[in-house]
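Undergrad: structure, please.
(one chain, ligands or ions: 3)
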Amino acid sequence: MTAPWDDWNHVLKLDPDKELPDGVTYGDLCATGTDAIEIGGTTGMTEENMSAVIRACAEHDVPLYQEPSNPSVVVEEEALDGYLVPTVFNAGSPFWITGAHKEWIRLEGDLEWDRTWTEAYIVMNPAADVAELTEADCDLSADDVAAYATVAERMFGQEIVYLEYSGTYGDEEVVAAAGDAVSDSALFYGGGIHDYDSAHRMAAHADVIVVGNLAHDRGVEAVRETVEAANEA
Ligand SMILES: CC(C)=CCC/C(C)=C/CC/C(C)=C/CC/C(C)=C/COP(=O)(O)OP(=O)(O)O
Ligand SMILES: O=P(O)(O)OC[C@@H](O)CO
Ligand SMILES: [Mg+2]
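TA: Ligands and ions are numbered 1, 2, ... in the order given. Sure thing, here's the model as predicted:
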């Protein structure tokens, strides 16, 4: 079975609750060479701001995926290629593992299953909004993370394991351990990638690197550098 991310090296994550730097457009960011755009964030999400970003990216030739942080912000936009739905393996409450998903299905009934996938998150930065919201246990060694990655892949059949350091650059040894632990699943890494070197280092361990804040803080050239690094790693 092929998956959309099989040939991805780089994903750009755009947060609808954050501004772009002066003079930067969504079109410019779509044209950085990134393999796909994920639209989402932890706080401040609405159907309106999600749709606005999706529409701004729609006319550009890059795959678009919504990453909803709760069922009430899922939008049906024609421009979307699909949905990447988080489940947080180290969450403190089962709501963020399966509860929100159960509520979503209860409200929606059937989904577009052929374009809906889950991402098995392991949340690592205790200061990030996502860690606070999900009460994640971030006190994890490399062995713990590797074991979670194996549980996700082998026991729960997760096709994507997402090591999430959002807002901070991760521990390369931990990322390497996660990379060694997965075989068929894709390892996504996100957090603190800010230049060619940081992108290149993480891309050596992960199948896909995810770049977020950089687009909002620094803009197009900085993102383009990380795309080059991902493709050269
Ligand atoms: C069932 C449905 C449709 C949704 C539930 C999906 C779940 C379980 C969400 C929980 C995890 C979550 C909120 C993911 C959002 C994506 C994410 C991690 C964004 C970036 O993290 P931030 O914590 O905003 O980073 P900053 O602190 O840098 O802003
Ligand atoms: O914003 P940054 O720190 O680049 O993190 C990227 C992404 O993993 C956030 O969900
Ligand atoms: Mg946030």
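Undergrad: going forward, measure contacts between C-alpha atoms and count neighbours the same way
TA: Will do.
Undergrad: which SS state does residue 118 fall under?
TA: Assigned state for residue 118: strand (three-state reduction, DSSP: H, G, I helix; E, B strand; the rest coil).
Undergrad: how near is the nearest residue to it once chain neighbours are set aside to ligand 2?
TA: Leaving aside its sequence neighbours, residue 118 sits nearest to residue 85 (Cα to Cα, 6 or more residues apart in numbering; 4.6 Å). Distance, residue 85 to ligand 2, using Cα to the nearest ligand atom, to the nearest Å: 12 Å.
Undergrad: wait, residue 85 sits on residue 67?
TA: Yes: counting by Cα atoms under 8 Å, residue 67 is a contact partner of residue 85 at 5.6 Å.
Undergrad: between these two, who's got more neighbours?
TA: Neighbour tally, residue 85 and residue 67, criterion other Cα atoms under 10 Å: the higher count belongs to residue 67, 26 against 21.
Undergrad: get me the contact residues on the protein for ligand 2.
TA: Within reach of ligand 2 by Cα under 6 Å from any ligand atom, the chain has these residues: 164, 166-168, 190-193, 210-214.
Undergrad: can I get the residues you listed in a markdown table including neighbour count, pLDDT and distance to residue 182?
TA: As requested, these are exported to a markdown table (neighbours: other Cα atoms under 10 Å; pLDDT from 0 to 100; distance: Cα to Cα, whole Å):
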| residue | neighbour count | pLDDT | distance to residue 182 |
| --- | --- | --- | --- |
| 164 | 26 | 98 | 16 |
| 166 | 25 | 98 | 21 |
| 167 | 17 | 97 | 24 |
| 168 | 17 | 98 | 23 |
| 190 | 27 | 98 | 16 |
| 191 | 24 | 98 | 19 |
| 192 | 20 | 98 | 22 |
| 193 | 28 | 98 | 22 |
| 210 | 31 | 99 | 18 |
| 211 | 26 | 98 | 21 |
| 212 | 25 | 98 | 24 |
| 213 | 23 | 98 | 27 |
| 214 | 24 | 98 | 27 |
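Undergrad: wait, what's in contact with residue 31?
TA: Shown in contact with residue 31 (Cα atoms under 8 Å, 6 or more residues apart in numbering): 60, 62.
Undergrad: next one: phi and psi at it?
TA: phi -90, psi 20 (degrees, to the nearest 10).
Undergrad: begin at 626 from here
TA: All right, first residue 626 from here; so that's residue 656.
Undergrad: and residue 746, what helix or strand is that in?
TA: In the assignment (DSSP states H and E), residue 746 maps to strand 741-748.
Undergrad: give the other helices and strands that that strand contacts.
TA: strand 707-713, strand 785-789 (3 or more Cα pairs under 8 Å, 6 or more residues apart in numbering; DSSP states H and E).
Undergrad: return the most buried member of those.
TA: Among these, the stretch with the highest mean neighbour count (mean count of other Cα atoms under 10 Å) is strand 785-789, at a mean of 27.
Undergrad: next secondary structure element downstream of the helix or strand hosting residue 826?
TA: If you go by DSSP H and E, residue 826 is part of helix 821-828. Next helix or strand after helix 821-828 toward the C-terminus (DSSP H and E): strand 833-836.
Undergrad: pLDDT score for residue 684?
TA: At residue 684, the pLDDT value in this model is 88.
Undergrad: and if you look at residue 750?
TA: Residue 750 is assigned a pLDDT of 98 by the prediction.
Undergrad: which residue comes closest to it once chain neighbours are left out?
TA: Spatial nearest neighbour of residue 750, chain neighbours left out: residue 790 (5.0 Å); criterion: Cα to Cα, 6+ apart.
Undergrad: now the one you found. Its backbone dihedrals?
TA: Torsion angles, degrees, to the nearest 10, at residue 790: phi -110, psi 30.
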